[in-house]
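*Asks:* Provided below are the primary sequence and the corresponding predicted coordinates.
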Amino acid sequence: MATLVRPRNDVRQYDDLVSEWWRPGGAFAMLHWIARARAALIPPAGRAGAVLVDVGCGAGLLAPHVAGKGYRHVGVDLVTSALEQAAAHGVVAVRGDAARLPLPDGCADVVSAGEVLEHVTDLATVVAEACRVLRPGGLLVADTINATRRARLIAVTVAERIPGGAPPGIHDPSLFVAPATLAAECARHGVRLQVRGVRPAFGAMLRWLVSRSGEVPIVPSRSTAVLYQAWGVRRRHDLGRLDGE
């Protein structure tokens, strides 16, 4: 039987790979490691009823790492098969487009945009939506792939050829996002970003490639050339209006 070949960045690939989301050592193993590192940027909820909006939540990989922090975890994704798994892990699953979030203004204390920005075709609109649903004083956290030759080499050319690496065709490198571009878009909506490079710990990554077991820590890197995290707080100039004060 011939292998089905999808266009690069085709959202239907996530239905094809539905059994991989939570399989130990599966195709999405690295997303679990990155989710843990992203969760480390999210503080415990500062108020009762706090909401975390997880844009492009997939099958809810962030959920185990924020479960004890006091948030109502709302996940938005286009892929129904992934949302079903997210709901099974305690996420309030909402089917929706990152460019048209079906959520009210200022509803989120935290917005997470993890490993999704490199998949969207209209970055400006997606960033605007993420900032729209973020309360003034709320925290935006993100991680994505830089728009560099090194990132294309590692995340596409190399990773797609390593057994157990990135699923072939999962990324379209033309959509990778430079930190300066992301920072400029966020600044337009009152969020000033901090950015740092991150990478898998080398020794642990080598052991994982051999054994396909265990977890690989994602650690800070001096370079943002491949993978980076970004975080920032939305300024409070319109806090009174959104809080109804």
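*Replies:* Nice, thanks for sending it over. Numbers count the residues shown, from 1 in each chain.
*Asks:* What residues of the lengthiest strand in the chain count as buried?
*Replies:* When every strand of the chain is counted residue by residue (DSSP state E), the longest turns out to be strand 134-145. Residues of strand 134-145 classed as buried under the neighbour-count rule (16 or more other CB atoms under 10 Å) are Leu134, Arg135, Pro136, Gly138, Leu139, Leu140, Val141, Ala142, Asp143, Thr144, Ile145. The C-beta positions use only the backbone N, C-alpha and C, and glycine is treated the same way.
*Asks:* Would you give the sheet partners of it, along with the direction of each?
*Replies:* The pairing partners recorded for strand 134-145 under DSSP bridges are strand 108-114 (parallel), strand 227-233 (antiparallel).
*Asks:* Single out the most deeply packed of those strands.
*Replies:* When the strands paired with strand 134-145 are scored by mean count of other CB atoms under 10 Å, the highest mean neighbour count falls to strand 108-114 (a mean of 26).
*Asks:* Show me which residues of the helix or strand that comes right after that strand are buried.
*Replies:* In the C-terminal direction, the helix or strand that comes right after strand 108-114 (DSSP states H and E) is helix 123-132. Under the neighbour-count criterion of 16+ other CB under 10 Å, helix 123-132 has Leu123, Val126, Val127, Ala128, Glu129, Ala130, Cys131, Arg132 buried.
*Asks:* Which strand or helix spans the nearest residue to the third one once chain neighbours are set aside?
*Replies:* What sits nearest to Val127 in space, not counting adjacent residues and going by CB to CB, 6 or more residues apart in numbering, is Glu185, at 4.1 Å. Secondary-structure assignment from DSSP H and E places Glu185 in helix 179-187.
*Asks:* hang on, the earlier thing: Val226: which of the buried residues of helix 123-132 is nearest?
*Replies:* Each of those was checked against Val226 using CB to CB; the closest is Leu123, at 18.2 Å.
*Asks:* Could you list the low-pLDDT ranges of this protein?
*Replies:* Counting by pLDDT under 70, the chain contains low-confidence ranges at 1-4, 237-245.
*Asks:* at 50 instead, please
*Replies:* Along the chain, the parts satisfying pLDDT under 50 run over 1-2, 238-245.
*Asks:* where along it do the strands fall?
*Replies:* Remark: strands assigned in the chain by DSSP E are 51-55, 72-77, 92-95, 108-114, 134-145, 194-200, 218-221, 227-233.
*Asks:* Format those strands as JSON lines; extra columns: distance to His65.
*Replies:* Compiled in JSON lines, these are given as follows (distance: least, CB to CB, whole Å):
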{"stretch": "strand 51-55", "distance to His65": "11"}
{"stretch": "strand 72-77", "distance to His65": "10"}
{"stretch": "strand 92-95", "distance to His65": "17"}
{"stretch": "strand 108-114", "distance to His65": "10"}
{"stretch": "strand 134-145", "distance to His65": "12"}
{"stretch": "strand 194-200", "distance to His65": "15"}
{"stretch": "strand 218-221", "distance to His65": "12"}
{"stretch": "strand 227-233", "distance to His65": "14"}
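*Asks:* Please identify which of those strands is closest to Ala27.
*Replies:* Scanning those with CB to CB as the criterion, the closest one proves to be strand 194-200, at 15.5 Å.
*Asks:* what helices or strands is the closest one leaning on?
*Replies:* If contacts are counted by 3 or more CB pairs under 8 Å, 6 or more residues apart in numbering; DSSP states H and E, strand 194-200 sits against helix 29-39, helix 179-187, strand 218-221, strand 227-233.
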